Each structure stands twice: as structure tokens, then as C-alpha cells.
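1. I would like to see how this sequence folds:
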Amino acid sequence: MPLKEYIGRMNKIEKLLQTSRIGMITNQSAFGPDGEYHFQSIHKRYDLKKIFLPEHGLFAELQDQVSGSSLRYNLDEVEFINLYGDQESSLIPDSVSLEGLDIVIIDIRDTGARYYTFLTTAYYFLEEISKWNSSGKNEISVIIFDSTNPAGKKIEGSPLQKEFESFVGVRGVLHRHGLTPGKLLSYYQKEFHLNVKIRIVNKGWYKKKDSEFSWIPPSPNIPFRSTCYVYSGQCLLEGTNLSEGRGTTRPFETFGAPYINEENIRIRKVLEESQRGSLILRPLKFIPTFHKHKDLVCGGFQILLKNQRSFTVYFLP
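-> Model prediction:
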């Protein structure tokens, strides 16, 4: 259902939005069946003042770790505020950027992995709103347009310890958390005692099951829904000398290195057996166009999932 029609049926939310100055954290992943981005629908119907940009930009046009400071967009009377700039301080909205707002809408897709940065950006935002509200200024509340977790409800991994917390990991969250954006942000609100009122709109326009045919990449290296299933585990290869497939058309599903012999039957057998028939590894060669082993021929494999439910993100023999 188009967003504008769905909100029109929700009297309380409709009245709230009609009388509020609105900010949004969003990107291209929030796209409706009516052919409009949700920020366009909100802009046409209500008083949208500001759009806060996460990593990768509004249309996922930037690669990871690339500053969005140079990005420019045109939307009548809407201010765009970049939350992934040249300095680490840019990751956190300042009090000036919150001025003139009554509500912040969070409407963005997640991958179900702790290190995916969009919900960390949203968490930092909740923290700053909490400080704002506690200072006695006009209250700012949050509405979350929730969406399904494309990697499913399965959980894996261990909670991150506080001393290792960073932009790519909030303390207490598992590698693969199994939660929707609304549920994870509600957890942050309660766990960290944030002074912010959250309303979650969790049914209406996002389908319960994502289709590969209608999947919109939330970032450049999550081109398919199937990428989300492997991302929580394969992203850990970033800390190794193995390529995690960045610079290929199948990032995170493809992995390898120049020193890997893709014809090594033993490697393939051990990895496939550890997954108990949930996948097949396709031997291949590939040349990353950027990141690790750029322009070098790598031997490796592509993960082809056979059973998403039994698949585990860690290859444990």
C-alpha cells in the first residue's frame, strides 16, 4: 500500500504529522509501490523540514568509508544534513540540526547485522534527542516506519562488550540480531534509558517477505536480498587478507584471494560439510575492481544458498 494512503487511515499518526515540523533519517531503500520515495510522499503531504543522510548517501551512490560532505540534493525548502562526513564528529547530529523539529521519522532498511551502520546512526540520533528533551526544550518524538529483517529472525554470534563499542557496533548487540529496525531501536531506548517517545508503525506498506525482484539496495554492496543472509559472517573477512568480494558484482557472496586455489577440493569439502547441505560453493576466479587485491586475479568461491533457514553465517568445521 502506498505510504500516503496508509498514513491517511491512521488517524492519530495523521493528525500528529499534520501539525508537526518533521525531520527524516532515510535513503532510497524506503521506496513505495506507488513509485515514490517515502521522503517524497512525506514532503508532498506534510511539513518536511530536514533529511538526515546516513552513510552512502540518499541514493546509496557512495562506497563504504567515503564522506558524503560533497553530496547535494534539491527538494523544495528541505535541508539535507550529512551524518557521514570528513570528521568522526559528523556521525552525531548537533543540537543546531535538531532545532525547529517536533518529530523525526526513521524510515530505512537494515541488513540484520550489528556492523551495518544505519541503525547505529539512528541510535546516535536517539541519544541526542534524549539529551535535547532532558534539557527542557520543546519535546522531539520519533516515529519508526518499521520493515522486515531481510536476513530473518535467526540470531547468531555474541554480544559486543562495551569497551569495543564503535560506529560499527553498539554494545550488547549480536553479530546477527534477528530484529527489525523498530525492535532494535526500542531495545536501545529501554536498555540505555533514553528520554524519547517512540511510535512504531509496523504494518502496511512493506511486504512481510522481500522479493529479489523488488529489492532496492540500501547500500552499494548489498545488491541482493540474498546478500543479507551471508553479510553477518562474511563481513568479518574485512579484518583478514581474504577479499570479501567488494569490487565484484556479488560482494560478500564471493570471497577469495590471489593465493587461494579454487580447485582445492579439500577447502571446498570442509566448508560445505560445516554447513550440512545448506549451501554449495561455486569455484571461481575474480578480479576486484577496488578494495583488497584490486586488479589481481583471485581464486575463491561464491556462496549459493540452498536452505536459508539452516544456513549459519559462520563456517565452523
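
2. what ranges does this protein have for its helices?
-> 3-8, 11-18, 38-45, 95-98, 118-134, 181-191, 225-234, 265-274 (DSSP state H).

3. pick the most deeply packed of the ones you listed.
-> The highest average neighbour count among the helices of the chain, using mean count of other Cβ atoms under 10 Å, belongs to helix 225-234 at a mean of 24. No exception for glycine: its C-beta is placed from N, CA and C like everyone else's.

4. ok, the nearest residue to residue 249 once chain neighbours are set aside - contacts?
-> Closest residue in space to residue 249, ignoring its immediate chain neighbours: residue 223 at 7.2 Å, by Cβ to Cβ, 6 or more residues apart in numbering. Going by Cβ atoms under 8 Å, 6 or more residues apart in numbering, residue 223 touches 217, 249-251.

5. what do you get for residue 293?
-> Residue 293 neighbours (Cβ under 8 Å, 6+ apart): 243, 257-258.

6. counting neighbours, what do you get for residue 34?
-> 13 (other Cβ atoms under 10 Å).

7. ok, residue 284 - how many residues close by?
-> Counted with other Cβ under 10 Å, the neighbours of residue 284 add up to 15.

8. domains in the chain, by residue range?
-> 3-201, 225-305 (automatic domain parsing).

9. would you mind checking the contacts of residue 223 for buried ones?
-> 217, 250-251 (16 or more other Cβ atoms under 10 Å).

10. hmm, residue 218 is touching residue 110, no?
-> Yes. The pair residue 218 / residue 110 is scored as a contact, 7.5 Å apart, by Cβ atoms under 8 Å.

11. now stretch 24-44: average pLDDT?
-> Stretch 24-44 carries an average pLDDT of 95.

12. isn't residue 54 up against residue 25?
-> Yes. The pair residue 54 and residue 25 passes the contact test of Cβ under 8 Å, sitting 6.5 Å apart.

13. which neighbours do the two share?
-> Going by Cβ under 8 Å, 6+ apart, residues that sit against residue 54 and also against residue 25 are 83, 108, 121.

14. list the contacts for the second one?
-> Contacts for residue 108 (Cβ under 8 Å, 6+ apart) come out as 25-27, 29-30, 54, 118, 122, 181, 218.

15. per-residue confidence for it?
-> At residue 108, the model reports a pLDDT of 96.

16. next: the last one.
-> pLDDT, residue 121: 98.

17. what's near enough to touch it?
-> Residue 121 sits next to 25, 52, 54-55, 83-84, 91 when contact means Cβ under 8 Å, 6+ apart.

18. roughly how far apart are it and residue 185?
-> 11 Å (Cβ to Cβ, to the nearest Å).

19. okay, and the common contacts of the two?
-> Counting by Cβ under 8 Å, 6+ apart, nothing touches both residue 121 and residue 185.

20. narrow the contacts of residue 223 to those in strands?
-> The strands, defined by DSSP state E, take in nothing from the contacts of residue 223.
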